[in-house]
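>>> sequence first, then the predicted structure:
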Amino acid sequence: MDAAGLPWAAQCAGMAFSAFSLCLVALAVVLLLVRRWPWCSCHVCRAYLTGSWARDFTNLGDWYAHLLRESPTGTVHVHVLGCTVTANPANVEYMLKTNFDNFPKGKTFAALLGDLLGGGIFNVDGDAWRHQRKMASLELGSVAVRSYAYKIIAQEVEARLMPVLADAADRGAVVDLQDVFRRFAFDTICKISFGLDPGCLEREMPMSKLADAFDTATRLCAMRGAAASPLLWRMKRLLNIGSERELKKAIKLVDELAAAMIRERRKLGFANSHDLLSRFMASAGDAHAVDDKYLRDIVVSFLLAGRDTVSSALTMLFMLLSKNPDVAAAMRAEAGDDSTPVTYEHLKGLHYTHAVLYENMRLFPPVQFDSKFCAAADVLPDGTYVSGGARVMYHPYAMGRMPRIWGADHGEFRPDRWLTGAGGSFVPESLYKYPVFQAGLRVCLGKELAITEMKAVSVAVVRAFDVEVVGESGSGACAPKFVSGLTASISGGLPVRIRRARK
């Protein structure tokens with residue numbers, strides 16, 4: 001063949017490959033329907049596949065909550081997903097504590113999030129998980145790290161968050177509070193975890209390429225988990241088309257920016273630094289010998305744990321306070337006026353504020369559900385049989401809406417339900433009834449740091465401002481529509497009007 005014929009031959013080969021690939025995708029869809037549809041005609045699977053649940057419910061989580069309330073055991077099967085969903089505290093305790101080893105994250109879950117989370121602590125089991133957890137526990141439990149972290153939080157609140165809100169109040173401007181809190185949490189976690197400042201909450205509100213790419217990647221990874229079959233996203237990844245092509249680009253950017261962050265940390269030195277990345281490097285002896293992939297996975301895990309969860313909880317909190325000004329007033333009264341210094345010890349003594357935060361996350365947990373995989377066939381405490389290799393999901397969002405757990409007023413925002421100790425002090429519920437921070441052996445190591453950060457922000461804001469949700473979000477503020485993602489975020493943000501509090 002002459003040289004002129006080569007491009008044409010290559011074109012033909014490319015077209016043939018594309019046609020073959022499309023046929024494979026079509027065949028996969030047909031096989032999925034043949035496999036699933038005729039053999040699962042239950043109303044739950046049909047509602048999921050057709051999306052008919054959306055006629056009656058704002059969010060998928062609300063539909064799950066409805067199904068679980070109707071179930072005598074608080075457990076349902078979604079056969080088309082090969083998934084058992086539970087809101088039964090006894091089942092949660094069995095999975096997260098009693099028979100922990102039989103309910104790992106599993107290879108299927110690792111595949112869903114592996115491109116983004118890699119071998120990070122949230123995506124591994126066994127020895128890799130135990131090693132990272134031990135390291136993280138030592139660092140997060142350190143007095144030096146906690147002191148360092150609180151100092152950063154206090155500085156970010158005073159120097160960035162409050163001026164941005166004050167400027168909005170003075171201008172009478174409507175701002176997206178969800179965006180403000182995401183910027184605040186991103187700046188804070190980057191400083192605490194990496195000793196670097198992206199400056200996202202400067203008054204100019206600069207965009208961060210890392211934050212934007214991370215948002216895209218988490219959203220698209222969540223879409224993988226919602227697919228009726230992993231075959232669908234795997235085929236798209238193989239062909240590098242659609243959402244998988246977009247995900248690949250986002251993760252490539254995350255990788256590049258994480259690598260730049262690691263290089264910068266090495267250049268600045270780590271021996272006398274208190275940020276978490278430096279301490280992980282120092283604990284390995286020679287930081288230059290530490291595998292960059294290992295450090296990259298740590299960076300991404302810290303971002304996931306420290307930014308989205310905190311910003312989600314704060315956004316939902318002020319959405320609820322806008323509808324419950326009496327609660328905001330009680331928080332203000334407990335915190336004291338501007339002359340009262342907000343120290344770490346002062347925050348620890350704010351029992352009512354603590355109760356408000358927990359009540360907020362009961363109704364709107366930042367992570368609405370979590371999945372495990374059943375390694376060997378098992379029977380849950382409520383009598384539900386789970387086959388080996390099946391997915392089991394416990395659902396904190398639904399659990400917060402279960403009358404058998406919280407009583408007839410489960411739908412009400414009532415912080416007083418947590419003040420049952422002497423003198424109206426805060427008393428936590430069992431983590432298996434309230435698995436917002438997980439429970440058992442995988443309980444969140446950053447729980448206290450997250451609560452401290454949320455307290456510092458909420459106290460500062462309620463002492464200085466009244467926050468009013470406006471627009472459509474205002475009229476339906478207690479029934480927000482969430483976007484697909486690993487953590488809960490409101491579709492369209494949370495537009496608010498800020499006013500200085502009356503003294």
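In hand now; what should we look at?
>>> check which helix or strand covers N272.
For N272, there is no enclosing helix or strand under DSSP states H and E.
>>> how close does it get to I152?
Relative to I152, N272 is positioned 16 Å away (CB to CB, to the nearest Å). In this view, the C-beta of every residue, glycine as well, is placed from N, C-alpha and C.
>>> and what of A422?
A422 is 34 Å from I152, by CB to CB.
>>> these two: who's more crowded?
I152 (21 against 6; other CB atoms under 10 Å).
>>> which one is that one nearest to, not counting chain neighbours?
K191 (4.8 Å; CB to CB, 6 or more residues apart in numbering).
>>> okay, the helix or strand hosting the one you found in PDB with CA atoms only?
With elements taken from DSSP H and E, the one containing K191 is helix 177-194. Output of helix 177-194 as PDB, limited to C-alpha atoms (Å, rounded to 0.1, in the frame of the first residue of the first chain):
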ATOM      1  CA  LEU A 177     -23.700  31.000  51.400                       C
ATOM      2  CA  GLN A 178     -22.900  27.500  50.200                       C
ATOM      3  CA  ASP A 179     -20.200  28.900  48.000                       C
ATOM      4  CA  VAL A 180     -18.800  31.000  50.800                       C
ATOM      5  CA  PHE A 181     -18.600  28.100  53.200                       C
ATOM      6  CA  ARG A 182     -17.000  25.800  50.600                       C
ATOM      7  CA  ARG A 183     -14.300  28.400  50.000                       C
ATOM      8  CA  PHE A 184     -13.800  28.900  53.700                       C
ATOM      9  CA  ALA A 185     -13.600  25.100  54.300                       C
ATOM     10  CA  PHE A 186     -11.200  24.700  51.400                       C
ATOM     11  CA  ASP A 187      -8.800  27.400  52.500                       C
ATOM     12  CA  THR A 188      -8.900  26.000  56.100                       C
ATOM     13  CA  ILE A 189      -8.300  22.400  55.200                       C
ATOM     14  CA  CYS A 190      -5.500  23.200  52.800                       C
ATOM     15  CA  LYS A 191      -3.800  25.200  55.600                       C
ATOM     16  CA  ILE A 192      -4.300  22.600  58.300                       C
ATOM     17  CA  SER A 193      -3.500  19.600  56.000                       C
ATOM     18  CA  PHE A 194      -0.800  21.000  53.700                       C
END
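>>> from F109, how far off is the closest residue to A390 other than its chain neighbours?
In this structure, A390 finds its nearest non-sequential neighbour in C374, 5.0 Å apart by CB to CB, 6+ apart. C374 is 12 Å from F109, where distance means CB to CB.
>>> which residues do these two both contact?
R391 (CB atoms under 8 Å, 6 or more residues apart in numbering).
>>> low-scoring pLDDT stretches of the stretch 101-250 of the chain, where are they?
Applying pLDDT under 70 to the stretch 101-250 of the chain flags residues 228.
>>> can you pull out the helices in it?
106-117, 126-140, 143-156, 162-171, 177-194, 209-226, 230-239, 242-268 (DSSP state H, counting those that start in this stretch).
>>> show me which residues of the first one are buried.
To tie it back to what came earlier, the one meant is helix 106-117. Buried positions in helix 106-117, judged by neighbour count with 16 or more other CB atoms under 10 Å: G106, F109, A110, L112, L113, D115, L116, L117.
>>> try the longest one
Burial within helix 242-268, assessed by neighbour count using 16+ other CB under 10 Å, is assigned to 243-244, 247, 250-251, 253-255, 257-258, 261-262, 265-266.
>>> beyond that helix, next helix or strand please.
Next along from helix 242-268, by DSSP H and E: helix 276-283.
>>> report the angle between whichever helix or strand comes after that next one and helix 209-226.
Heading C-terminal from helix 276-283, the first helix or strand you meet, by DSSP H and E, is helix 292-303. Using axes from the mean of the first three to the mean of the last three CA atoms, to 10 degrees, one finds that helix 292-303 and helix 209-226 are set 80 degrees apart in direction.
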